[in-house]
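**Student:** Compute the structure for the input listed below.
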Amino acid sequence: MKKILVLCTGNSCRSQIAEGYLKHFAGEKAVVYSAGVETHGVNPRAIAVMAEDGIDISNHTSNNVNEYQDVDFDFVITVCDNAKERCPYFPTNAIKFHHNFPDPAKAVGDEAQVRESFRSVREMIKTYSENFVNEYL
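**Tutor:** The predicted model follows:
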């Protein structure tokens with residue numbers, strides 16, 4: 001079984017959404033973790049937009065990447081430029097991937113506009129996650 005780490009800045013939105021979708025699409029083919037170079041807690045809007053698509057991430061926790069230094073990952077996926085630049089060295093042979101998704105937590109506007117930003121990023125990550133599983137697992 002493959003081990004996948006999804007990494008972003010605060011492990012609150014993008015990496016949480018990616019963890020949810022990778023688990024969904026990979027099923028028993030992989031164990032999926034997410035972490036941040038910081039921890040900001042799981043964003044309630046990320047939980048809500050994932051629930052709209054039938055994925056429950058309400059029990060996810062916001063973890064620091066240092067918690068996983070002893071895990072021998074097969075894949076490390078950074079989902080923002082900041083995490084890619086700040087990612088610590090892992091003593092692993094993990095294949096590294098990077099895709100810079102917009103940060104929905106920085107969206108501005110009224111609640112409907114912010115929620116639409118979360119949905120847009122969710123759909124980008126959903127497509128990326130499904131394609132990743134189909135190609136690499």
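
**Student:** Which residue is most remote from the mean position of this protein?
**Tutor:** Largest separation from the mean C-alpha position in the chain: residue 110, at 25.0 Å (CA atoms, centre = their mean).

**Student:** Quick one: residues contacting it.
**Tutor:** By CB atoms under 8 Å, 6 or more residues apart in numbering, the contact list for residue 110 is empty. C-beta here means a position set from N, CA and C on the backbone, and glycine is covered the same way.

**Student:** quick one: it from residue 25, how far?
**Tutor:** As judged by CB to CB, to the nearest Å, residue 110 and residue 25 stand 33 Å apart.

**Student:** Just want the most central residue of the chain.
**Tutor:** residue 15 (1.8 Å).

**Student:** In three-state terms, label the closest residue to residue 72 other than its chain neighbours for me.
**Tutor:** Using CB to CB, 6 or more residues apart in numbering and skipping residues adjacent in sequence, the residue nearest residue 72 is residue 92, 5.4 Å away. On the three-state scheme (DSSP: H, G, I helix; E, B strand; the rest coil), residue 92 is labelled coil.

**Student:** just the helices in the chain please.
**Tutor:** For the chain, the helices defined by DSSP state H occupy 14-26, 44-52, 81-86, 111-136.

**Student:** rewinding a little: tell me how far the residue farthest from the centre of the chain lies from residue 117.
**Tutor:** 11 Å.

**Student:** Could I get the average pLDDT for stretch 128-137?
**Tutor:** Averaged across stretch 128-137, pLDDT comes to 98.

**Student:** Quick one: residues in contact with it.
**Tutor:** By CB under 8 Å, 6+ apart, the list of residues contacting stretch 128-137 reads 2, 18, 21-22, 24-26, 29-30, 75, 77, 95, 97, 99, 101.
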